[in-house]
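Peer 1: Sequence and computational prediction follow.
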Amino acid sequence: MDHALSNKWWELVFRVVKDLDEGNVPYSFDASTSLFVHGIEDFEMDDLDIMIQWDYFEIPPGYFKNIILVQ
């Protein structure tokens, strides 16, 4: 993966993680995203895979409306 693209993925990971951590939302990375966040970057990522434990917390109204989706 090229360095500029890697930086964009890291920006997205940190933005989403910050929002989830602030909301005390339990999550884990899945599939290729798990490899990426552990430093393996020799492949092309095409999506960000995060598992969220929906039954563990109450979702405040509108909580996810501020998460920016990047295409």
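Peer 2: Arrived safely. All of these numbers come straight from a predicted model, not from anything done at the bench. Residues are numbered from 1 along each chain as shown.
Peer 1: next one: phi and psi at residue 47?
Peer 2: phi -160, psi 170 (degrees, to the nearest 10).
Peer 1: likewise residue 50?
Peer 2: Note on residue 50: its backbone torsions stand at phi -130, psi 130 [degrees, to the nearest 10].
Peer 1: Look up how far residue 4 lies from it.
Peer 2: According to C-beta to C-beta, to the nearest Å, residue 50 and residue 4 sit 23 Å apart. Using the backbone N, CA and C atoms, a C-beta is placed for each residue, glycine as well.
Peer 1: quick one: the helices in the protein?
Peer 2: Ranges of helices in the chain, per DSSP state H, are 3-22, 31-37.
Peer 1: what stretches of this structure score poorly on pLDDT?
Peer 2: Low-confidence segments of the chain (pLDDT under 70): 56-57, 59-61, 63-64, 66-71.
Peer 1: residue nearest the centroid of it?
Peer 2: Nearest to the mean C-alpha position of the chain, by C-alpha atoms, centre = their mean, lies residue 13 at 4.2 Å.
Peer 1: Does that residue touch residue 41 like I think?
Peer 2: No - between residue 13 and residue 41 there is no contact under C-beta atoms under 8 Å: 11.9 Å.
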